[in-house]
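Novice: no FASTA, just this:
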């Protein structure tokens with residue numbers, strides 16, 4: 001009789017836990033907004049620079065240097081990614097043991113973290129090298145491009161975000177906000 005009561009209590013507790021899990025799974029998670037990049041206003045992503053070479057009026061020497069640096073960094077990044085993957089697999093194997101050898105697991109974790117640190121340092125070094133090749137005018141233009149990306153409505157008049165010209169721009173016509181263009185957009 002005591003076993004049946006204990007089993008009944010156990011089943012009821014498991015059911016309650018399952019119900020709580022199902023209810024919480026149905027509600028969208030409340031995630032805080034991603035933190036702003038503390039260095040985002042002083043560093044430029046390589047893809048932003050290389051995607052705007054004409055607008056920035058990069059010299060041939062700047063383009064050649066930047067392409068070489070990006071290729072070098074990309075090759076090293078791929079090697080480091082493979083090292084991280086191998087180190088994580090080894091850490092996973094160590095963590096399967098029961099009991100876990102703490103000294104070995106922590107030593108393996110250090111290998112993972114050291115490689116991840118090297119990846120971050122590689123990215124940072126590339127960003128510094130590219131920035132140092134830019135003139136102050138080119139850096140100002142990149143800041144302007146970054147602001148337009150983060151605040152698309154702050155661009156020059158006549159150009160709207162999305163497809164084609166906005167009101168007052170080439171092919172556009174002045175109309176109240178929210179009214180569709182004749183082409184439906």
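Specialist: Okay, I see it. The structure displayed is predicted, hence computed values, not measured ones.
Novice: What residues sit buried inside the longest helix seen in the chain?
Specialist: Ordering each helix of the chain by length in residues (DSSP state H) puts helix 60-96 first. Buried positions in helix 60-96, judged by neighbour count with 16 or more other Cβ atoms under 10 Å: 62, 65-66, 69-70, 73, 77, 80, 83-84, 87-88, 91, 94. In short, each C-beta sits where N, CA and C put it, glycine included.
Novice: tell me what it is packed against?
Specialist: helix 46-50, helix 102-133 (3 or more Cβ pairs under 8 Å, 6 or more residues apart in numbering; DSSP states H and E).
Novice: could you give me the average pLDDT of that helix?
Specialist: Helix 60-96 shows an average pLDDT of 96 in the prediction.
Novice: Same check on stretch 133-140?
Specialist: Mean pLDDT, computed over stretch 133-140, is 94.
Novice: residues of it that come out buried?
Specialist: 133, 134, 138.
Novice: Apart from its neighbours in sequence, what residue is nearest residue 109?
Specialist: Spatial nearest neighbour of residue 109, excluding adjacent residues (Cβ to Cβ, 6 or more residues apart in numbering): residue 91 at 6.0 Å.
Novice: so who does the one you found touch?
Specialist: 105, 108, 109, 111, 112 (Cβ atoms under 8 Å, 6 or more residues apart in numbering).
Novice: at 10 Å what do you get?
Specialist: Counting by Cβ atoms under 10 Å, 6 or more residues apart in numbering, residue 91 makes contact with 104, 105, 106, 107, 108, 109, 110, 111, 112.
Novice: Next: residue 106.
Specialist: Contacts for residue 106 (Cβ under 10 Å, 6+ apart) come out as 91, 94, 100.
Novice: still on that earlier bit, which one of the helices and strands packed on helix 60-96 lies closest to residue 145?
Specialist: Closest of the helices and strands packed on helix 60-96 to residue 145 is helix 46-50, at 6.7 Å (criterion: Cβ to Cβ).
Novice: tell me what the closest one is packed against?
Specialist: Helix 46-50 is packed against helix 53-56, helix 60-96, helix 102-133, helix 136-150, with contacts defined by 3 or more Cβ pairs under 10 Å, 6 or more residues apart in numbering; DSSP states H and E.
Novice: What are the phi and psi values at residue 98?
Specialist: Backbone torsions of residue 98, given as degrees, to the nearest 10, read phi -140, psi 100.
Novice: Give me the distance between it and residue 87.
Specialist: In this view, residue 98 and residue 87 are 21 Å apart by Cβ to Cβ, to the nearest Å.
Novice: go on, residue 45?
Specialist: 27 Å.
Novice: And residue 46, by the same measure?
Specialist: On the measure of Cβ to Cβ, residue 46 and residue 87 end up 26 Å apart.
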